[in-house]
Structure formats: structure tokens, C-alpha cells
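**Q** Give me a 3D structure for the following:
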Amino acid sequence: MKNDLEELKNDFLKLVKEVGDRAQLEELKNEFLGRKGKMKGLMKDMASLANEERKVIGAFANEIKESIESVFGEHEERFAAEEESTRAEREWVDISEPGRFEGAGHLHPVSQAIGEITDIFARVGFTAVRAPEIDWDYYAFESLNLPKDHPARDDWETFFVDAPEGKKGKIVLTPHTSNSQVRTMETQEPPIRMINIGRCYRRQIDITHVPMFHQFEGLMIDKGVSVTHLKGVLDYFAKTYFGPDRRTRLRPHHFRFTEPSFEVDISCGACGGEEHENCRVCKAGWLELGGAGMVHPNVIKAGGLDPDVYSGFAFGWGVERTLMMRSGIKIGDIRTLYKNDLRFVKQF
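**A** Residues are numbered from 1 along each chain as shown. You can find the predicted model right below:
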């Protein structure tokens, strides 16, 4: 057995000369002295020896082990010294070299527009509120005086959520921010001046429509509110946000939730309203921003108020369209806003 132990030591001394780094050295040590190493394998045979022989072989095995560990220690110190001598070169840093700084980001142009719009209406007393972007169709349609057979409640117009119906009907991705109107009247006492900006979803996509977009909804409920107040607020916003050179107009229209109703237009910012024959964005020099009108009595009733006492106006505009029509923007395709093209986004 002594011969086996001597042979084990010689094998280690031979192999340790071929080791190139500390990792290989550690593997070699485990191979010979580890829990499942060669030394352990030899020591298992000691159980068959007599007591006197076991003592002699045990002492000799300890000498072999100490000899191997000593050689291991010498090589480990040598590798450590080599690593330390090259550390300065490997970890050298030129502290005089200018650092590399990542460019600071900024808000998306749509987020910037949302902040500016909120601030403009806050100056005239409109308080920001939030309404669900996934809501009951009661708040999105029925409470707004839209009958069940209205085309807007068709699967080809609105995204319906595959979920069980409740007391307030089906669940939809809100097609407009008008779902905030009745919700606000249910929770606030007049006078009400609120602005709600949120995401909306419709099955439309072209140069002026995207399936997900943003709207800002304004609502004013009080005694004696008239179309004059509506026009004053809309003119104030248009002149503040777009500048004094932009023109606005109201066109009579029909919405189920307002009476009388209007379409709100602004002169095209892409062509200036003068070259509309070749403009891909506008219609005859004007771009439709959204709808407005006096809140329908049925909507006021749905909000729990008396339409004989209170009146009000509401308006809903697309944030993206509003941004597109701002002076100097000249975005010819609304889809450009959501292409994640940094060459475009970094301009703002």
C-alpha cells in the first residue's frame, strides 16, 4: 500500500508541472485530495489491515498528503504572484480620458402634449380626473344616450372584451373619453369643470387614425351654461395652444350625447389651409379635431342631475390630431407618432 501512496504522490508531482493556472491547479488538487479523490479511494483499503499496519500506513499517508499540499501551496503562491504582477496592466484605467455619457431622454411628443393641454385648461378652472380605459358599455354608450342598435356599439367599430356581462352590460375598451361624463356627475356636485385625458380604442387605422389613441374630454355643468361659454373655452384653448394665426370653426353636427352638437375644426397646419388640393391630411383646408356641444338632457339625468336646473357643455378632441395641427409640426401621417423611430422622436 506504501507503493500505491508513493505512486499517487509521483503522479501528482508529474501532473502539477503541466498546470497553467489556478483553476487547473484546484481541479488537480480535488482529483487527488478531494472527498471523492484518489487518496480517499486508497484509504478505504486500510479497513482490511491489522491495527499495527493501519497505524504505520496512516502515518505514511499523512506524510504523502502533507507533501502534496505543500507542492500545491507553492504553485498556488506562484500563480497568485503572477496574477498580481499583471493586475495593474489588466485593470489600468486612464482617469484623464473623458467619460462617455448617455444622452438624456425626454417625454414622447404625445406625453408632452397631454401635459400642456392639462395645464391650459387648469388655468380656467378645469380639474383633471381619470376614468377607466376598460369600462362597462353603460358608461361608454347607454348613459350617453346611445341606443343598443347604434352603429358605434357594433363589433366592427368597438373592441369588446371577452368577459361575462354585468349589471351595466358588456365590457369594452373605451372608444372615447366620454365615459367620464356620467361617472363625474355621479361623484361630484355642480358646478363641475373637469378635463379627462386617456387612451381610447377603435377599429380604425389610416393616415389620420390609429387603433389606440388619446382624447381629452372636457365637461362643464352648472346653472345657466350656454353655447357662448362653450365657444369661449374652445377659442381660448385654440389661441393658447395653436397660436393666434390658426383659425377655428364650428360646424353643426349630430351626436347622441349633445344637443345642439358641433364639429370643431382648425385650419390645417400641414398646408396652412391654402394648398389643400394636394394635402394628404386635411379636407378642404380644415382638419376635424373633435366634437362638442351642449350636454343632452338624458345624459344629465343619467348623471343624477335635473336638466331643468342644470345645463352644460362637453367636448372631446384627439390629442394626436391636436398635436399634428400645431404650428411647425407638419406630421403628414398620424401613424408616425407610434413607429418608435428615434430620428423622429428626438426632434421634440
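**Q** How is this protein divided into domains?
**A** 2-89, 109-345 (automatic domain parsing).
**Q** Buried deepest among those domains, which one?
**A** domain 109-345 (a mean of 17; mean count of other C-beta atoms under 10 Å). Using the backbone N, CA and C atoms, a C-beta is placed for each residue, glycine as well.
**Q** still on that earlier bit, now for the domains of the chain, which one comes closest to residue 95?
**A** For residue 95, the closest of the domains of the chain is domain 2-89, at 13.8 Å, according to C-beta to C-beta.
**Q** How far does the closest one stretch from one end to the other?
**A** End-to-end distance of domain 2-89 (C-alpha to C-alpha, to the nearest Å): 48 Å.
**Q** With stretch 44-56 instead?
**A** Stretch 44-56 end-to-end distance (C-alpha to C-alpha) = 15 Å.
**Q** which other residues reach it?
**A** Residues outside stretch 44-56 that contact it (C-beta atoms under 8 Å, 6 or more residues apart in numbering) are 1, 57-58, 61.
**Q** mean confidence score for it?
**A** Stretch 44-56 comes out with an average pLDDT of 72.
**Q** before we move on, the earlier item: okay, the contacts of stretch 44-56 in CSV with secondary structure next?
**A** Output for these, formatted as CSV (DSSP: H, G, I helix; E, B strand; the rest coil):
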residue, secondary structure
1, coil
57, helix
58, helix
61, helix
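**Q** Assign the residue nearest to residue 236 when sequence neighbours are not counted to helix, strand or coil.
**A** Excluding its sequence neighbours, the residue lying closest to residue 236 (C-beta to C-beta, 6 or more residues apart in numbering) is residue 124, at 6.5 Å. Following three-state DSSP, the label given to residue 124 is coil.
**Q** Surely residue 124 is in contact with residue 232?
**A** No. Residue 124 lies out of contact with residue 232 (C-beta atoms under 8 Å); the separation is 9.2 Å.
**Q** Model confidence score at residue 273, please.
**A** For residue 273, pLDDT reads 67.
**Q** Please report the distance of residue 210 from residue 141.
**A** From residue 210 across to residue 141, the span is 22 Å (C-beta to C-beta, to the nearest Å).
**Q** Residue 167 now?
**A** Counting by C-beta to C-beta - residue 167 and residue 141 are separated by 15 Å.
**Q** What values do phi and psi take at the most far-flung residue of the chain relative to its centre?
**A** The centre of the chain is farthest from one residue, residue 52, which by C-alpha atoms, centre = their mean lies 77.8 Å away. Dihedral pair for residue 52: phi -60, psi -40, per degrees, to the nearest 10.
**Q** So residue 12 sits against residue 71, correct?
**A** Yes. The pair residue 12 / residue 71 is scored as a contact, 7.1 Å apart, by C-beta under 8 Å.
**Q** quick one, helices of the stretch 51-200 of the chain?
**A** Using DSSP state H, counting those that start in this stretch, the helices of the stretch 51-200 of the chain run over 51-90, 109-122, 137-140, 179-187.
**Q** Thank you kindly, that will do.
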